[in-house]
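**Q** mind folding the following:
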Amino acid sequence: MVMELEYDRSLYGKEHLAGPFDVTTELIQAFTASLSETNPVFIDEAAALAAGYKGLLAPPTFCTVFVSRVKLPDINLDFGKMQVHAGQRVQPRGDIVAGDQVTASSHLKDVYPKTGRSGTMVFVVWETTFRNQHGEVVADVQESFAVKE
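**A** Below you'll find the model as predicted:
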């Protein structure tokens, strides 16, 4: 039996924009420290410049700092009472360096039920594309949320 989900399907294909977000040396350094990253291109601007980058390089998953600042609309899912973060996938597509400004464009990617040992859950998947000030795509982030009864 296929479960028919009720939610706002008009959100498919609609882009939700956020930003611009300033990429600062301090933000990169704080993110890098939280990862215990030791690669000099993420810590020292001189090392990044010597390696051929345009400035202090942000680690590949850096744009996750900005994902929480993207306001996503309620899909009005008629299921469950509790939503939890179910995962995140980051696809780096270009360099992000100190001094950049990035913008985010998010869209609803998928909504689907899945039944397991603990019962049925509905997964809501959003995809966010980040672009720098030159319009170049620097990362794609896919976030999943599980809604439980």
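
**Q** first-to-last residue distance for stretch 128-146?
**A** Distance between the boundary residues of stretch 128-146 (C-alpha to C-alpha, to the nearest Å) amounts to 18 Å.

**Q** what does that stretch contact?
**A** Taking contacts as C-beta atoms under 8 Å, 6 or more residues apart in numbering, the residues outside stretch 128-146 that touch it are 20, 60, 62-64, 66-67, 70, 83-96, 100-106, 109, 121-127. (Glycine included, C-beta is placed from N, CA and C.)

**Q** ok, stretch 35-47 next?
**A** Contact partners of stretch 35-47, identified using C-beta under 8 Å, 6+ apart, comprise 25, 28-29, 32, 48, 51, 53, 55-59, 98.

**Q** got JSON lines for those residues, with distance to residue 142 too?
**A** Rendered in JSON lines, the data for the contacts of stretch 35-47 read as follows (distance: C-beta to C-beta, whole Å):
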{"residue": "25", "distance to residue 142": "28"}
{"residue": "28", "distance to residue 142": "23"}
{"residue": "29", "distance to residue 142": "27"}
{"residue": "32", "distance to residue 142": "23"}
{"residue": "48", "distance to residue 142": "28"}
{"residue": "51", "distance to residue 142": "29"}
{"residue": "53", "distance to residue 142": "26"}
{"residue": "55", "distance to residue 142": "27"}
{"residue": "56", "distance to residue 142": "26"}
{"residue": "57", "distance to residue 142": "23"}
{"residue": "58", "distance to residue 142": "19"}
{"residue": "59", "distance to residue 142": "18"}
{"residue": "98", "distance to residue 142": "26"}
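
**Q** now list the buried members of these.
**A** The neighbour count (16 or more other C-beta atoms under 10 Å) marks 28-29, 32, 48, 53, 55-59, 98 as buried among the contacts of stretch 35-47.

**Q** among those residues, which ones are in helices?
**A** When the buried ones among the contacts of stretch 35-47 are checked against helices using DSSP state H, the ones located there are 28-29, 32, 48.

**Q** now, which of those residues sits nearest residue 10?
**A** Using C-beta to C-beta, the shortest approach to residue 10 within those belongs to residue 28, at 37.8 Å.

**Q** per-residue confidence at the closest residue to that closest one other than its chain neighbours?
**A** Spatially, and ignoring its direct neighbours in sequence, residue 28 is nearest to residue 58 (4.8 Å; C-beta to C-beta, 6 or more residues apart in numbering). Per-residue confidence for residue 58 comes out at a pLDDT of 98.
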